[in-house]
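Enquirer: Sequence first, predicted model second:
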Amino acid sequence: MKRREFTLVFAGNALASLGGSARAYPIEGFAATTSRDDGWNIAAGDDDKLVDTTALSKMADRLAASGANIHAVLVVHRGKLVFERYLRGSDQVPTSFFGSRVENVVFDANTRHAMKSATKSVASLAVGIAIDRGLIQDVDEPILSFFPELADLRTPESDRLLLRHALSMTLGLEWIESTPATGDLANDETRMYFSGDPCRYVLTRRAVAAAGQQFFYSTGALALVSAILHRATGRPLDEFARASLLEPLGISGEEWSRMGRDSDAGGGLRMRPRDMAKIGQLVLAGGRWDGRQIVSKGWIDASTASFIKATDEQDYGYLWWSGHAAAHRRIVRWIGALGRGGQSIRIVPELDLVVAVTAGYYQDYSPQAFKVQYGVFNDVLQAISPSR
């Protein structure tokens, strides 16, 4: 899928109207949220004078009153959790067998939520750790060097496909992922899963651009990344990430689905919104958490840099989005892990800010839906005063 075509797909990270009542809960509404032993420092009352918590509460009240299908909004400023609100909404709940069902859920701090494609950015951190430890040499390793069983696919062109091209969605291979995930076999992501050999499926797509030259959004690239991590580390991505990334962050109880023997790096991770906020804070702090360097600052800088223009308004790095937004009459850069349905972790270094949002708009691709969902982030920006 080409750069301009993705604009409409990305609108799926958005809001739609939810029938029935909805209600929001302030952070004080859950005693556990102020006493959980999860490593977060909680800002007490109005300790942070740069954060207008009254405006944030009014925003959450409007979301609840409108029936908007936003599930959680968390705001971290200067390393402290300053605002946290959970609501009620329609969501896809995993079933005992493969698949999900739609239920009305009352969310709280303990509810795990699907991250969808925001999972990709967590996979990026795992790649960085593997490179830091010398398990992967660097991002310029040829992809096919990890797959000797695919030697029959080697050509001068395929030998030029590097790990960096999978991480930046610039493989140059044709990929159609612009339809909702409804089982439509015209969707390459669906076809890949049914192929029986995801990596071969991805690498046999028709070349339509030179590697590194054009952005084609492709969850298939993450099938390659997941398999490469498995081969390089000797453990599936979920196991490697749990030991090297999530446990050091104090994250536990996450759920990470697998497709065959490899973890679903493209969208299979479920975790609590507080844990999503930790991922954002880790990136904001240059790979450090609680005094420990978990991912090198070099990888954080490289992976969140703008590698290629992805849409008219957004750039892409190594599985991280970036863009710009207006805040108090100035323009600030944000870095984001973004997933279908309204899942987002946005980091604003200039404001020392992390915003984590979950929602349930998995099949709403309308521009209006995206506008309302992005409005949550915009409202948070307006509630944060720049430091003087």
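Expert: The structure has been received and is ready for your questions. Just so it is clear, the model here is predicted, and its values are computed rather than measured.

Enquirer: Which of the helices or strands spans V225?
Expert: Assigned by DSSP states H and E, V225 falls within helix 220-233.

Enquirer: Which residue ranges of the stretch 51-200 of the chain form strands?
Expert: Under the criterion DSSP state E, counting those that start in this stretch, the stretch 51-200 of the chain contains strands at 70-77, 80-94, 100-106, 113-114.

Enquirer: so which of these gets nearest V332?
Expert: Go through the strands of the stretch 51-200 of the chain one by one with C-beta to C-beta and the one that ends up closest to V332 is strand 70-77, at 13.5 Å. Where C-beta positions appear, they are placed from N, C-alpha and C, glycine not excepted.

Enquirer: ok and the closest one relative to strand 80-94, angle-wise?
Expert: Relative orientation of strand 70-77 and strand 80-94, computed by axes from the mean of the first three to the mean of the last three C-alpha atoms, to 10 degrees: 160 degrees.

Enquirer: buried sites along strand 70-77?
Expert: When neighbours are counted by 16 or more other C-beta atoms under 10 Å, the buried residues of strand 70-77 are found to be I70, H71, A72, V73, L74, V75, V76, H77.

Enquirer: Just put the residues you listed in TSV and tack on distance to L282.
Expert: Rendered in TSV, the data for the buried residues of strand 70-77 read as follows (distance: C-beta to C-beta, whole Å):
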residue	distance to L282
I70	24
H71	22
A72	19
V73	20
L74	15
V75	16
V76	11
H77	16
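
Enquirer: And those, which is closest to R36?
Expert: For R36, the closest of those turns out to be L74, at 12.9 Å, with distances computed as C-beta to C-beta.

Enquirer: ok, so what distance separates the closest one from F194?
Expert: With distances taken as C-beta to C-beta, to the nearest Å, L74 is found 37 Å from F194.

Enquirer: do the same with A166
Expert: Counting by C-beta to C-beta, the gap from A166 to F194 is 21 Å.

Enquirer: These two: which is more packed in?
Expert: A166 (26 against 10; other C-beta atoms under 10 Å).

Enquirer: Which one of the strands of the stretch 51-200 of the chain has the poorest average confidence?
Expert: Per-segment mean pLDDT for those reaches its minimum on strand 100-106, at a mean of 90.

Enquirer: Nearest to G336 among the strands of the stretch 51-200 of the chain would be which one?
Expert: Ranking the strands of the stretch 51-200 of the chain by proximity to G336 (C-beta to C-beta) places strand 70-77 first, at 14.3 Å.

Enquirer: Only alpha carbons, please: show the closest one as CSV.
Expert: Only the C-alpha atoms of strand 70-77 are listed here, as CSV (Å, rounded to 0.1, in the frame of the first residue of the first chain):
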residue,chain,number,x,y,z
ILE,A,70,-12.7,5.8,24.0
HIS,A,71,-11.7,3.3,26.7
ALA,A,72,-8.8,5.0,28.5
VAL,A,73,-6.8,8.2,28.5
LEU,A,74,-3.5,8.4,30.5
VAL,A,75,-1.2,11.4,30.7
VAL,A,76,2.4,11.3,31.9
HIS,A,77,4.2,14.6,32.4
